[in-house]
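Chemist: Sequence and computational prediction follow.
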Amino acid sequence: MEPFKTLVSVAVPIDIANCDTDQIIPARFLRRGKDDPEYPRFLFHDLRFNEDGSEKDFVYNKAPYCEGRILVADVNWGCGSSRENAVTALVANDIRSIIAPSIADIHYNNCIKNGVLPIRLTEESCAKLRKQLREHPGAEVAIDLETQSVTGPNRTMYSFDLDPFDKYRLLNGLDDVGLTLELGNKIDAFRAQYQLKHSWANGHKIE
C-alpha cells in the first residue's frame, strides 16, 4: 500500500454522529469486489443517492468536497459491524485520513491495515474544523505523520497520538503481507536451520 508521509487536501465535514459502517457502505454491496468499476460509488451510497440513482443533497456530492482526501467526522465514527469494506470504500475514493473525536476500535485497526490514517482529536477541535470547512468550501487541512500534527484551514495546529508500531506501518506502507515479507531473512534462516536439524526434511522443499 502507499506510504503515508504528509498530506494536504480539501477536507470534507461529515456532520453525522455515530456514523456506522452500514452508512459508510451498505451491507448489500459487500459481495461486490474492489475491482467492480462501481465500487467507489458505494461509499455513503444511501446518503448520496436516491433509489433512482439521482444525487441527494449530501456534502460529498458537492464540489469541491467531492475531491477531498480527508474526512473530518463527528463522534463514534465507524461503529457498527466490523466490515473491512468500510475502509476499502474510502480507499477506492482516494481518502487517506479520517479525523474524529472517537473511532470504533475495529474500524480504526482496519484503517491502519489499509493505509488510511485514523486521527483522534477532541470533540471541540473536530467541531471547529468542520465549521471552518462548511464556511469555506475547498479549505484544506494539512497532516504530517512524522510530527503527528494536523494544521487546520486557519493555521491552527493540533497534535495527535498514534501507536509507534502503527506509525511505522503507515510511514512505510506496510500491510499485513508487507510486514511478513520484512521477516524474509529470518524465515529463510529458520528454514535452513530446520533442514539441518531434521534430516528427514533434507531434499524436501519447505514452503
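Modeler: Structure received.
Chemist: Would you agree residue 118 falls within a strand?
Modeler: Yes: under DSSP: H, G, I helix; E, B strand; the rest coil, residue 118 sits within a strand.
Chemist: Residue 4 - how many residues pack around it?
Modeler: Neighbourhood size, residue 4 [other C-beta atoms under 10 Å]: 20. (C-beta placed from N, C-alpha, C; glycine too.)
Chemist: Can you find the helix or strand in this structure with the smallest mean pLDDT?
Modeler: Counting by mean pLDDT, DSSP states H and E, the chain has its least confident helix or strand at helix 184-197, which shows a mean of 63.
Chemist: hey, where'd the helices end up in this structure?
Modeler: Taking DSSP state H, the helices of the chain run over residues 21-24, 45-48, 85-92, 105-113, 123-135, 164-172, 176-181, 184-197.
Chemist: Need these in CSV (columns: distance to residue 71).
Modeler: CSV is the format used below for the helices of the chain (distance: least, C-beta to C-beta, whole Å):
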stretch, distance to residue 71
helix 21-24, 10
helix 45-48, 13
helix 85-92, 8
helix 105-113, 11
helix 123-135, 10
helix 164-172, 17
helix 176-181, 24
helix 184-197, 36
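Chemist: For residue 33, find the nearest of the ones you listed.
Modeler: Taking C-beta to C-beta, helix 85-92 is the member of the helices of the chain nearest to residue 33, at 9.7 Å.
Chemist: what's next to the closest one, contact-wise?
Modeler: 21, 24-25, 29-30, 34, 39-40, 42-43, 71, 78, 98, 107, 110-111, 113-116 (C-beta atoms under 8 Å, 6 or more residues apart in numbering).
Chemist: The longest strand along the chain pairs with which strands?
Modeler: Ranked by residue count, the top strand of the chain under DSSP state E comes out as strand 6-13. The pairing partners recorded for strand 6-13 under DSSP bridges are strand 70-72 (parallel), strand 140-144 (antiparallel).
Chemist: Going by neighbour count, list what's buried in it.
Modeler: Neighbour counts over strand 6-13 (16 or more other C-beta atoms under 10 Å) mark 7, 9-13 as buried.
Chemist: circling back: for residue 54, find the nearest of the helices of the chain.
Modeler: Closest to residue 54 of those is helix 45-48 (C-beta to C-beta; 10.0 Å).
Chemist: average pLDDT across the closest one?
Modeler: If you average the pLDDT over helix 45-48, you get 98.
Chemist: ditto for stretch 157-167
Modeler: Averaged across stretch 157-167, pLDDT comes to 98.
Chemist: Repeat that for stretch 118-135.
Modeler: In the prediction, stretch 118-135 has an average pLDDT of 98.
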